[in-house]
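Engineer: sequence unknown, structure follows:
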């Protein structure tokens, strides 16, 4: 089984690369990267003979098709802006596809490719990171056990760093977009745009995380879950996170820059040069990205300093009685689910366990075996059920 990981030396892609290299079902993992020194650094850190490296720029269609040909699946771990063009390359190369999310709007566009993938006999699973991805499958678990659904509420809780710790937890462009673009929620049968960093509430996560302030953020789960389960009468769906896992003080600093226009997409002239403020902002923020090897699963004798729980609460009815499911997927060691979940999806695609077409995770990922696979990387899911008498 040969799997290409585009961006396989990136912040989350390196976790996918490591997980695939450790899986007995995989014979070769190809890191498709533009930055060869970084790709070599990741390959050396993982130290698996299964890993090969190919230099590729995803904007070069022909070169990308050349890298993809002969692969059993493509895991796109690059920034979500590339999703559509990578899918086009997969169609030409005849390769199954998965990614880590499309930030709602891109996901909706990707779903429109379903007929073309089906006609080509190819399969794609969209948004298979930790979130989106895990919450979609959590919601599916609950939906399978409910007759009706009132709401699907998603909470992504990440142990925050100390106030003075200024660093980004995943792709800088994506975080800037989540911080500045209107979050979408589903309420009473329609999608609504809200203010970024709005609708705060305190939410209790499993120890050792505890109570965290949660706010709305633009995310892909909301784009598909209400539609997938519309026959069960879903009335509400939202996604909330705690400052994207960063210190509140860091987010406040970024918001000041945004208020001054540094997230603008229109070019301005600076000393005779045309500069897009957002490009400058993202480039400067790259200085606050941790070393790539910090994201790889550490040796057992060196515990990581991060903790994450993804929670999906689904309330509905069963046999006429109100029931609430709380699905919590927690990791305190091992690998981050953001990289592991899409790696497992890529393997399932290569094994032809996913039907042809383009699908959201909740439509094609069987929850119980999926969560069992996450347990192999010390990522555990707990289910609690509340029945109202």
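Structural biologist: The structure has been received and is ready for your questions. These numbers come from a predicted model, not from an experiment. Numbers count the residues shown, from 1 in each chain.
Engineer: Give the full set of residues in contact with residue 355.
Structural biologist: For residue 355, the contact set (C-beta atoms under 8 Å, 6 or more residues apart in numbering) comprises 123, 364. Placement of C-beta: from N, CA and C, glycine included.
Engineer: And it, which helix or strand is it part of?
Structural biologist: Assigned by DSSP states H and E, residue 355 belongs to no helix or strand.
Engineer: so how far is residue 229 from it?
Structural biologist: Relative to residue 229, residue 355 is positioned 18 Å away (C-beta to C-beta, to the nearest Å).
Engineer: Check residue 171 too.
Structural biologist: Between residue 171 and residue 229 the computed distance is 29 Å (C-beta to C-beta).
Engineer: Touching, residue 56 and residue 65? I think so.
Structural biologist: No: here residue 56 lies out of contact with residue 65, judged by C-beta atoms under 8 Å, at a distance of 9.8 Å.
Engineer: Now do the helices in the stretch 251-389 of the chain.
Structural biologist: If DSSP state H, counting those that start in this stretch is used as the criterion, the helices of the stretch 251-389 of the chain fall at 277-285, 337-350, 361-364, 367-375.
Engineer: looking just at contacts, which helices and strands does the longest one meet?
Structural biologist: Using 3 or more C-beta pairs under 8 Å, 6 or more residues apart in numbering; DSSP states H and E as the contact definition, the elements that helix 337-350 packs against are strand 2-6, helix 13-22, strand 73-76, strand 96-99, strand 123-125, helix 367-375.
Engineer: what about the residue nearest to residue 345 when sequence neighbours are not counted, distance to residue 337?
Structural biologist: Distance criterion C-beta to C-beta, 6 or more residues apart in numbering; nearest residue to residue 345, sequence neighbours excluded, is residue 128 at 4.1 Å. For residue 128, the distance to residue 337 (C-beta to C-beta) stands at 10 Å.
Engineer: out of these two, which sits in the more crowded spot?
Structural biologist: A count of neighbours by other C-beta atoms under 10 Å puts residue 128 above the other of residue 128 and residue 337, at 32 against 28.
Engineer: Poorly predicted segments of this protein, please.
Structural biologist: For the chain, residues meeting the criterion pLDDT under 70 lie at 293, 297-306, 333-335.
Engineer: can I see the domain layout of it?
Structural biologist: The record's domain split for the chain, according to automatic domain parsing, is 2-129+337-376, 134-333.
Engineer: and of those, who's closest to residue 383?
Structural biologist: The closest of the domains of the chain to residue 383 is domain 134-333. By C-beta to C-beta, the value is 5.7 Å.
Engineer: tally of neighbours for residue 372?
Structural biologist: Around residue 372 there are 11 residues (other C-beta under 10 Å).
Engineer: What helix or strand is the closest residue in space to residue 34 that isn't next to it in sequence located in?
Structural biologist: Spatial nearest neighbour of residue 34, chain neighbours left out: residue 57 (5.3 Å); criterion: C-beta to C-beta, 6+ apart. Assigned by DSSP H and E, residue 57 belongs to no helix or strand.
Engineer: In contact with residue 70: list those residues for me.
Structural biologist: Neighbouring residues of residue 70 by C-beta under 8 Å, 6+ apart: residue 2.
Engineer: how about it, secondary structure?
Structural biologist: Put simply, residue 70 is coil when judged by DSSP: H, G, I helix; E, B strand; the rest coil.
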